[in-house]
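Trainee: need the 3D shape of this:
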Amino acid sequence: MTPDPLVLVIEDDANLRQYLNTTLRSHGFRVEEATTWEEGKKLTLQLGPDVLLLDLGLPDGDGLSLARELRAVSRVPIIVVSARGREEDKVLALDMGADDYITKPFGSGELLARIRVALRHSADPSAPPPSVVEVAGLRMDFLMREVTMNQKPVRLTKNEFDLLAVLIRHAGQVLTNGQLLQEVWGDSSRAHATYVRVYMRSLRKKLEADPTRPRLLLTELGIGYRLKPDK
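Mentor: Next up, the predicted model:
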């Protein structure tokens, strides 16, 4: 039998660790805990957890540097759990190698949803991506380069299709503007930060029932965008 997913919690707050432990175990996860930078690194390398929940304010070092070191040697999904709510902190954490960022306080439902997304993305990184993906009424056929929304054809330009393809392949995951620019336009477009905003506006006009109140293509203020897996 396949063992339950293992979550390593790197957090020095005892009350939060107890909450996370209880919540995760009650939903079928195994849980290990670390309270320091050094212990967190050691257990990550020893245990090979399926998901890592990482606090940034550790007593013996900053969690950002730990995320950077671990990303260099491990593909484990890293979800930052931090009281730092500034936009620049979130962007920096994602750039350092974190896969997602949750600001304290948070609900158990949001946490569990983010963990499920992380597990889906890491299930088999060597497997080829599917040729057809369906999310929340949106269907993309990557081979035929066809898109339908609620079974109705949607005509997209090349850049619109490529941008949507990145978002749907990472459904539920926050992607920074820099990541989207790199994936769709490459290094030569770094100076054109408006590209993403312009094309996202165009995609919303074609895919959202009300482009001014999007329910599928969401903005993460100061960070980037996220395609919500369900409505």
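Trainee: how's this structure carved up into domains?
Mentor: 6-122, 132-227 (automatic domain parsing).
Trainee: so which of those domains is the most packed in?
Mentor: Highest mean neighbour count of the domains of the chain: domain 6-122, a mean of 17 (counted as mean count of other Cβ atoms under 10 Å). To be clear about C-beta, it is placed using only N, CA and C from the backbone, and glycine gets the same treatment.
Trainee: now do the strands in this protein.
Mentor: 6-10, 30-34, 51-54, 57-58, 61-62, 78-82, 100-103, 132-135, 138-141, 146-149, 152-154, 175-176, 217-220, 224-227 (DSSP state E).
Trainee: who's in contact with the residue nearest to K90 when sequence neighbours are not counted?
Mentor: Counting by Cβ to Cβ, 6 or more residues apart in numbering, K90 lies nearest to Y101, which is 4.8 Å off, once chain neighbours are set aside. For Y101, the contact set (Cβ atoms under 8 Å, 6 or more residues apart in numbering) comprises 79-80, 82, 90, 93-94, 174, 223.
Trainee: mind running it again at 10 Å?
Mentor: Contact partners of Y101, counting by Cβ atoms under 10 Å, 6 or more residues apart in numbering, are 54, 56, 78-82, 84-85, 89-94, 114, 174, 220, 223.
Trainee: and what of V133?
Mentor: So V133 contacts 139-142, 165, 168-169, 171 (Cβ under 10 Å, 6+ apart).
Trainee: before we move on, the earlier item: mind giving me a markdown table with the strands of the chain and columns for distance to D210 and mean pLDDT?
Mentor: What follows is the strands of the chain, written out as a markdown table (distance: least, Cβ to Cβ, whole Å; pLDDT from 0 to 100):
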| stretch | distance to D210 | mean pLDDT |
| --- | --- | --- |
| strand 6-10 | 37 | 97 |
| strand 30-34 | 41 | 96 |
| strand 51-54 | 34 | 96 |
| strand 57-58 | 39 | 92 |
| strand 61-62 | 41 | 90 |
| strand 78-82 | 31 | 92 |
| strand 100-103 | 27 | 88 |
| strand 132-135 | 18 | 84 |
| strand 138-141 | 16 | 91 |
| strand 146-149 | 13 | 94 |
| strand 152-154 | 16 | 95 |
| strand 175-176 | 23 | 86 |
| strand 217-220 | 12 | 92 |
| strand 224-227 | 17 | 90 |
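Trainee: now these as TSV including distance to E183?
Mentor: Output for those, formatted as TSV (distance: least, Cβ to Cβ, whole Å):
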stretch	distance to E183
strand 6-10	28
strand 30-34	33
strand 51-54	23
strand 57-58	31
strand 61-62	28
strand 78-82	19
strand 100-103	17
strand 132-135	16
strand 138-141	15
strand 146-149	17
strand 152-154	20
strand 175-176	8
strand 217-220	16
strand 224-227	11
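Trainee: point to the residue nearest the middle of this protein.
Mentor: In the chain, the centroid-proximal residue (Cα atoms, centre = their mean) is Q173; its distance is 2.8 Å.
Trainee: tell me where the protein has helices.
Mentor: For the chain, the helices defined by DSSP state H occupy 14-26, 37-47, 63-73, 87-95, 108-122, 158-169, 177-184, 194-207.
Trainee: kindly reformat these as JSON lines containing mean pLDDT and distance to K228.
Mentor: Below are the helices of the chain laid out as JSON lines (pLDDT from 0 to 100; distance: least, Cβ to Cβ, whole Å):
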{"stretch": "helix 14-26", "mean pLDDT": "95", "distance to K228": "22"}
{"stretch": "helix 37-47", "mean pLDDT": "93", "distance to K228": "29"}
{"stretch": "helix 63-73", "mean pLDDT": "88", "distance to K228": "25"}
{"stretch": "helix 87-95", "mean pLDDT": "82", "distance to K228": "18"}
{"stretch": "helix 108-122", "mean pLDDT": "86", "distance to K228": "10"}
{"stretch": "helix 158-169", "mean pLDDT": "90", "distance to K228": "10"}
{"stretch": "helix 177-184", "mean pLDDT": "84", "distance to K228": "16"}
{"stretch": "helix 194-207", "mean pLDDT": "91", "distance to K228": "12"}
